[in-house]
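Trainee: Below: sequence and its predicted model.
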Amino acid sequence: MKQSYDVIVIGAGIIGVGAGLKLQQEGKQVLLLDSKGVAAETSAGNAGAFAFADVIPLATPGIMRKAPTWLLDPLGPLSIRPAYGLKILPWMLHFWRASWKDRYAAALKAQADLMALSKAALERQIEGVNGEHLIRREGQLQLYEGAAEFQAAMASWEVRKAHGVQFEFLDSPEAIAKIQPGIDPRFTHAGYTPEWKNVVDPKTWTEHLANAFIALGGNIANQKVTAITPQEGHVSVESDTTVLRSKHVVIATGAWSKSLSADLGDSVPLDTERGYNTTLPAGAFELKTHVTFSNHGFVVTKAGEGIRIGGAVELGGLHLAPNYKRADLLLKKAKDFLPELNIENGTPWMGFRPSMPDSLPVISFAKNSQQVLYAFGHGHLGLTQSAGTAELIADMIQGRDPDIPTQPYRAQRF
């Protein structure tokens, strides 16, 4: 392994691998560093969805009136672990401020801009790595229990429409069954987004991108970075085994990015949405499309040959033990909503979604160095926004004007 590179990308999840690949495609000599390897954390076990229809930030006006009810239910769609209550308080205050109408409007535009860029960038990425065989273009059903629940969601569909999301409404269990049989008839209404896409498996997809990166001459090493020091004309990167140097460094370590950015002078309110799921073996259910039970906070999707049931948000940081009762609850709900689902022999999992209070990622230069860039904080949209993020990072390193304004994603915006 060489000691000097054009770019060192720290983090080999979907964001880091995507950025490294894009830079390598543009002729840079890139090294990817990760302490555990490619797709070893959240990029391995997520729902595998390119959720371009999800343009609405979590911090919406009025959400704080709903939050106390959710937070009091330890197994609800949004909960805070009691042992983490004080630590998450600063994040929650930023979240509350982000839900004000002025901040929300700006965040919505920035989210929609990044979604539009990422949707187009994904098609470029798929073509560039001959990856079509790993993409499922099967749409998504978002389900509602009764007309009242459907009408309550109408404003969100109007927002999607304004930002170019294609959809159609279904108003009977029979219409829903034509797209996805086997759903309990209590779900009488749905919004169907036909352009929704999934990967066959998120780990397989990330590994495919990593293999394309290597084929272009990129390098990957399993090393834990301990220090990043900008110097005159280069950046020194110290790991547990060596000291490397690079013209630019990209920090893409997901939920673990906070300490590295702090060392570089940026106090970023990054925390984690801990997500839970269970992957059932092949034959558990004949799923034809990605299914979202949004008012219950979970999805049912394909994962390889199996079925993955997961979602919900638990604010609990990086160090508390997993609470797999949350995964069990989602599994039981899925069985209730999909009576033919076989929930035996599932494998539970928990991942750390790196989340910012305003639902926008950090894609920016460090405060004290134009040689160090950040690419983290995408929440549950890391896979969705990975190709767009890669193009923005490449633009910034190459000195080009990005296709969208990047100011909303600055690390210093708080």
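Mentor: Yes, it's here.
Trainee: where does this structure have its least confident helix or strand?
Mentor: Lowest on mean pLDDT, DSSP states H and E among the helices and strands of the chain sits helix 63-71, with a mean of 68.
Trainee: What is the subsequent helix or strand relative to that one?
Mentor: strand 78-80 (DSSP states H and E).
Trainee: Can you give the distance from that next one to the centre of its chain?
Mentor: Distance of strand 78-80 from the chain centroid (Cα atoms, centre = their mean, to the nearest Å) equals 18 Å.
Trainee: Do me a favour and average the pLDDT over it.
Mentor: Average pLDDT, strand 78-80: 79.
Trainee: ditto for stretch 163-170
Mentor: Per-residue scores along stretch 163-170 average to 96.
Trainee: And the contacts of that stretch?
Mentor: Applying Cβ atoms under 8 Å, 6 or more residues apart in numbering, the external contacts of stretch 163-170 come out as 52-53, 55, 112, 115-116, 141, 157, 160-161, 176, 179, 189-195. Placement of C-beta: from N, CA and C, glycine included.
Trainee: same thing but 6 Å
Mentor: Stretch 163-170 is contacted from outside by Ala53, Val55, Ala112, Ile176, Ala190, Gly191, Tyr192, Thr193, Glu195, using Cβ atoms under 6 Å, 6 or more residues apart in numbering.
Trainee: Which of those fall in strands?
Mentor: The strands, defined by DSSP state E, take in Ala190, Gly191, Tyr192, Thr193 from the contacts of stretch 163-170.
Trainee: Measure how buried the residue nearest to the second one when sequence neighbours are not counted is and give me the count.
Mentor: So the one you mean is Gly191. Once flanking residues are discounted, Gly191 sits nearest to Gln142: 4.6 Å by Cβ to Cβ, 6 or more residues apart in numbering. Residues near Gln142, counting by other Cβ atoms under 10 Å, number 25.
Trainee: Who does the host helix or strand of Gln142 pair with, and is each partner parallel or antiparallel?
Mentor: For Gln142, the host element (DSSP H and E) is strand 140-144. Applying DSSP bridges, strand 140-144 is found paired with strand 189-193 (antiparallel), strand 290-293 (parallel).
Trainee: Let me know the next secondary structure element after the particular helix or strand that has Val250 in it.
Mentor: Element membership for Val250 (DSSP H and E) is strand 243-251. Tracing the chain past strand 243-251, the next element assigned as helix or strand by DSSP H and E is helix 257-263.
Trainee: Now do the helices in the chain.
Mentor: In the chain, the helices defined using DSSP state H lie at 14-25, 42-45, 63-71, 85-98, 101-128, 147-152, 154-162, 173-179, 202-215, 257-263, 325-337, 382-398.
Trainee: What mean pLDDT does the first one get?
Mentor: Think helix 14-25. The average pLDDT for helix 14-25 rounds to 98.
Trainee: now that helix, how far from the chain's geometric center?
Mentor: Relative to the mean C-alpha coordinate of its chain, helix 14-25 is positioned 16 Å out (Cα atoms, centre = their mean).
Trainee: Now that we have the contacts of stretch 163-170, can you turn them into JSON lines and tack on distance to Asn345 and pLDDT?
Mentor: Shown next, in JSON lines, are these (distance: Cβ to Cβ, whole Å; pLDDT from 0 to 100):
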{"residue": "Ala53", "distance to Asn345": "32", "pLDDT": "96"}
{"residue": "Val55", "distance to Asn345": "37", "pLDDT": "96"}
{"residue": "Ala112", "distance to Asn345": "41", "pLDDT": "97"}
{"residue": "Ile176", "distance to Asn345": "28", "pLDDT": "98"}
{"residue": "Ala190", "distance to Asn345": "29", "pLDDT": "98"}
{"residue": "Gly191", "distance to Asn345": "32", "pLDDT": "98"}
{"residue": "Tyr192", "distance to Asn345": "31", "pLDDT": "98"}
{"residue": "Thr193", "distance to Asn345": "31", "pLDDT": "98"}
{"residue": "Glu195", "distance to Asn345": "33", "pLDDT": "96"}
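Trainee: Of these, keep whichever come out buried.
Mentor: The neighbour count (16 or more other Cβ atoms under 10 Å) marks Ala53, Val55, Ala112, Ile176, Ala190, Gly191, Tyr192, Thr193 as buried among those.
Trainee: before we move on, back to that, now the strands paired with strand 140-144 as JSON lines including distance to Asn222?
Mentor: As requested, the strands paired with strand 140-144 are exported to JSON lines (distance: least, Cβ to Cβ, whole Å):
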{"stretch": "strand 189-193", "distance to Asn222": "38"}
{"stretch": "strand 290-293", "distance to Asn222": "33"}
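Trainee: which residues are in contact with stretch 26-35?
Mentor: 5-12, 20, 23-24, 218-221, 223-225, 394.
Trainee: Roughly how far does the closest residue to Gly146 other than its chain neighbours sit from Arg326?
Mentor: With sequence-adjacent residues excluded and distances taken as Cβ to Cβ, 6+ apart, Gly146 is closest to Thr188, at 5.7 Å. Distance of Thr188 to Arg326, given as Cβ to Cβ, to the nearest Å: 27 Å.
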